[in-house]
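> can you look at this prediction? I've put the sequence above it.
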Amino acid sequence: MTQGVDSWVKTLLALRLLSANPTGLKGLVIRARSGPIRDRLIEIIQNAAPALYKIYPIMSDEQLFGGLDLVQTLQQQKLIYAQGLLARSAWAQLCMAERCDGALAAKLGQALDDGRIAPLIVFDEGTDEETAPQALKDRVGFWVDLEDVSLADLEVVKFEPAPKEPLAVVSARPEDIATLVDLAARFGIHSARAAQFALTCARTHAALAGRSALSAEDIEIAVALIYPSRATLVPETPEAPPEQAPEPEQDDSQDEAESAQHTDLSELPQELLIEAVKALLPPDFLGRLASAGAQRSAAGTGAGQSRKSKARGRPAPSRPGRLDGQSRVDVIATLRSAAPWQKLRAAHKPQQSRITIFPNDIHLKRYEQRAERLVIFIVDASGSAAMARLAEAKGAVELLLAEAYARRDYVALIAFRGASGDLMLPPTRSLVQTKRRLSALPGGGGTPLAGGLQAAGVLAQKALSQGKTPVLALLTDGRANISLDGSANRQKAAEDAALMAGWISGLGIKSVVMDVARSPNAVLADLAQTLRAEYYPMPRADAHGLSQTVHRVLDN
């Protein structure tokens with residue numbers, strides 16, 4: 001069975017179990033990009049669900065959870081509340097979950113815990129750096145990834161709907177529960193919900209199979225569906241225990257009766273369960289764990305710093321305020337604030353039938369903008385190794401620019417050599433222009449590190465004045481020998497570099513220093529500390545390594 005077929009089989013089995021026990025298994029996270037495979041799965045979900053409504057990250061709390069019915073409140077002059085989407089008795093489908101912020105994830109998680117949503121189908125359509133909030137994923141039973149599924153895989157197995165009858169009660173022995181908890185601990189799964197979901201999954205599978213007690217098959221299927229996507233480490237293979245003499249056979253009718261009810265897990269040793277889960281881990285499992293800290297959250301879409309705005313941007317909750325001729329009035333929020341007081345206010349003005357609005361009822365619209373970000377590469381183009389460093393920097397710049405449109409990033413390049421630092425590539429998002437300019441970069445000469453930092457600081461200040469968020473990426477071996485006045489004085493050059501680093505640090509600009517010397521340079525590490533930058537010794541840096549290092553700094 002290919003990996004794509006296996007992923008599709010797991011997805012359909014998880015969906016069948018979920019449809020049989022939506023309140024116990026809570027939901028399903030589906031990581032899939034838009035396309036015919038996702039469309040086919042949506043069609044299956046619509047047929048399996050008794051009813052389905054969609055949730056989008058931009059929806060307001062009133063739409064989701066209900067709130068004041070403004071029109072009815074004003075007409076009847078008493079508080080009338082309207083129900084939200086979550087009051088419906090239907091399956092909920094969260095679209096574009098990678099755009100779901102922490103506040104919405106917390107509210108949906110609370111609704112899942114309270115049973116107001118049963119179940120929640122989460123569609124995660126992000127790239128490798130975008131994913132649904134972990135707090136939300138932790139509260140649903142199943143996670144599946146359809147990246148490897150092809151159209152041909154869809155025809156291998158068909159979805160089998162779960163029966164409509166209520167599930168029978170399935171008993172579980174303490175040994176079964178202990179096995180599930182121990183396996184979760186062996187794979188570094190710290191959430192107690194995982195073991196609970198595994199137990200519920202095993203019981204649901206056993207009930208669908210007509211069993212009144214858990215079997216080894218139920219346990220194996222449960223751990224295969226629940227644990228691989230949550231694992232954070234690969235357990236070590238235990239040493240084989242010493243051989244023991246076989247125990248004498250016992251003929252006990254009572255034991256035979258119990259074995260008829262419970263399939264002993266000795267038929268499926270824990271080592272086999274561990275190997276089964278290991279086999280289902282993704283091929284790049286360790287790489288994903290290493291880069292997990294660098295992944296962006298759903299709220300961080302790769303843009304720069306957040307800024308409040310009165311006129312444009314992403315809508316934010318309105319706030320009470322005064323009319324100043326610049327801010328926009330949120331009419332709905334203003335009326336909602338005034339509505340509960342209309343009956344009392346009308347009693348003081350019986351001849352006036354209009355709506356009475358007081359100054360403290362005024363609510364003003366607010367917007368949140370993400371500043372565009374400018375990544376400034378400061379590249380050491382001096383000395384005999386200049387060509388190698390320039391080639392690495394060129395490759396890193398091109399890799400970053402390949403994602404610049406989606407991340408809303410600009411990239412600039414400053415090369416320092418000879419007596420000063422020069423802006424070789426002005427801020428741009430054009431990959432064609434970048435390749436043309438990078439091909440003519442010179443190399444060789446002295447190392448004016450202070451001049452390079454000075455040029456980068458000036459460019460960063462200009463970016464700040466234009467509303468951009470600058471980020472500096474310094475690539476050097478740290479052997480500065482040219483001061484700001486152009487003289488060849490190593491001590492003065494080091495002092496000038498520290499002075500420029502302190503100036504840039506005072507601007508509050510995020511920076512990263514990549515040491516490409518053959519061995520880590522203590523002077524450059526001290527300079528990074530003055531710069532308040534992250535320091536990475538990278539003696540064997542290549543374009544991919546540089547771009548990944550910059551990504552880690554950008555996403556933190």
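Cool, the structure landed.

> okay, and residue 427 sits in which element?
strand 420-428 (DSSP states H and E).

> packing partners of that strand?
Where contact means 3 or more CB pairs under 8 Å, 6 or more residues apart in numbering; DSSP states H and E, strand 420-428 is packed against strand 409-417, helix 431-438, helix 449-465. From N, CA and C alone the C-beta is placed, and that goes for glycine too.

> if you compare these, which one is most tucked away?
strand 409-417 (a mean of 25; mean count of other CB atoms under 10 Å).

> now do the strand holding residue 427: distance to the chain's middle.
33 Å (CA atoms, centre = their mean, to the nearest Å).

> again, but for stretch 8-23
For stretch 8-23, the distance to the chain centre is 24 Å (CA atoms, centre = their mean).

> can you map out the helices along the stretch 151-300 of the chain?
For the stretch 151-300 of the chain, the helices defined by DSSP state H, counting those that start in this stretch cover 174-186, 192-208, 216-226, 253-261, 270-280, 285-290.

> between the strand holding residue 427 and strand 409-417, how many degrees?
160 degrees (axes from the mean of the first three to the mean of the last three CA atoms, to 10 degrees).

> and strand 420-428, which strands flank it?
strand 409-417 (antiparallel) (DSSP bridges).

> pull out the buried residues from the strand holding residue 427.
By 16 or more other CB atoms under 10 Å, the buried positions in strand 420-428 come out as 420, 421, 422, 424, 425, 427, 428.

> can I get the CA coordinates of that strand in PDB?
Listed next in PDB are the C-alpha coordinates belonging to strand 420-428 (Å, rounded to 0.1, in the frame of the first residue of the first chain):
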ATOM      1  CA  SER A 420      32.900  51.600   2.800                       C
ATOM      2  CA  GLY A 421      29.600  49.700   2.600                       C
ATOM      3  CA  ASP A 422      27.600  50.200  -0.600                       C
ATOM      4  CA  LEU A 423      23.900  49.500  -1.300                       C
ATOM      5  CA  MET A 424      24.200  47.000  -4.100                       C
ATOM      6  CA  LEU A 425      20.500  46.100  -4.200                       C
ATOM      7  CA  PRO A 426      17.900  48.600  -3.200                       C
ATOM      8  CA  PRO A 427      14.700  47.300  -1.400                       C
ATOM      9  CA  THR A 428      12.900  45.200  -4.000                       C
END
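
> what's the angle from that strand to helix 449-465?
Using the same axes, to 10 degrees: strand 420-428 against helix 449-465 is 30 degrees.

> thinking again about what came up before, can I get the helices and strands packed on strand 420-428 in CSV with mean pLDDT and distance to residue 21?
Output for these, formatted as CSV (pLDDT from 0 to 100; distance: least, CB to CB, whole Å):
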stretch, mean pLDDT, distance to residue 21
strand 409-417, 83, 45
helix 431-438, 66, 50
helix 449-465, 90, 54
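
> now those in TSV, with distance to residue 198?
Output for these, formatted as TSV (distance: least, CB to CB, whole Å):
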stretch	distance to residue 198
strand 409-417	41
helix 431-438	47
helix 449-465	50
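
> quick check: which of those is nearest to residue 36?
Nearest of the helices and strands packed on strand 420-428 to residue 36, taken as CB to CB: helix 431-438 at 29.9 Å.

> can you give the contact residues for stretch 31-47?
When contacts are defined by CB atoms under 8 Å, 6 or more residues apart in numbering, stretch 31-47 is touched by residues 11-12, 15, 30, 52, 91, 93, 121, 123-126, 131, 143-147, 149-151, 154, 159, 161.

> give the buried residues for that stretch.
Residues 31, 32, 37, 38, 40, 41, 42, 44, 45 are the ones in stretch 31-47 that count as buried (16+ other CB under 10 Å).

> nearest to residue 358, of the buried residues of strand 420-428?
Nearest member of the buried residues of strand 420-428 to residue 358, counting by CB to CB, is residue 427, at 48.8 Å.

> list the contacts of that closest one.
374, 410, 411, 412, 459, 463, 468 are the contacts of residue 427 under CB under 8 Å, 6+ apart.

> which one of those residues is nearest residue 224?
Nearest member of the contacts of residue 427 to residue 224, counting by CB to CB, is residue 411, at 43.9 Å.

> next one: that closest one from residue 346, what distance?
62 Å (CB to CB, to the nearest Å).

> and what of residue 530?
From residue 530 to residue 346 the distance is 67 Å (CB to CB).

> and if you look at residue 484?
In terms of CB to CB, residue 484 sits 74 Å off from residue 346.

> those two: who's more crowded?
Using other CB atoms under 10 Å, the more surrounded residue of residue 484 and residue 346 is residue 484, with 19 against 16.

> the closest residue to residue 316 other than its chain neighbours: what secondary structure?
Of all residues not flanking residue 316 in the chain, residue 366 sits nearest, at 4.3 Å (CB to CB, 6 or more residues apart in numbering). Put simply, residue 366 is strand when judged by DSSP: H, G, I helix; E, B strand; the rest coil.

> pretty sure residue 366 sits against residue 328.
No - between residue 366 and residue 328 there is no contact under CB atoms under 8 Å: 9.0 Å.

> who's more crowded, those two?
More crowded of residue 366 and residue 328, by other CB under 10 Å: residue 366, with 19 against 12.

> quick one: that one from residue 65, how far?
For residue 366, the distance to residue 65 - CB to CB - is 21 Å.

> tally of neighbours for residue 23?
The local packing of residue 23 (other CB under 10 Å) involves 11 other residues.

> same check on residue 111?
19.

> please apply the same query to the one 5 residues further on.
Per other CB under 10 Å, the neighbour tally for residue 116 reads 15.

> just send the contacts of residue 427 back as TSV, with distance to residue 476 too.
Shown next, in TSV, are these (distance: CB to CB, whole Å):
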residue	distance to residue 476
374	20
410	22
411	18
412	17
459	17
463	21
468	24
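
> off-centre distance for whichever strand or helix holds residue 143?
Residue 143 is part of strand 142-145 when elements are defined by DSSP H and E. Chain-centre distance of strand 142-145: 15 Å, with CA atoms, centre = their mean.

> can you show me the CA trace of it as CSV?
Extracted in CSV, the C-alpha atoms of strand 142-145 (Å, rounded to 0.1, in the frame of the first residue of the first chain):
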residue,chain,number,x,y,z
PHE,A,142,-7.9,13.1,14.5
TRP,A,143,-5.2,14.8,12.4
VAL,A,144,-4.7,13.8,8.8
ASP,A,145,-2.5,15.1,6.0
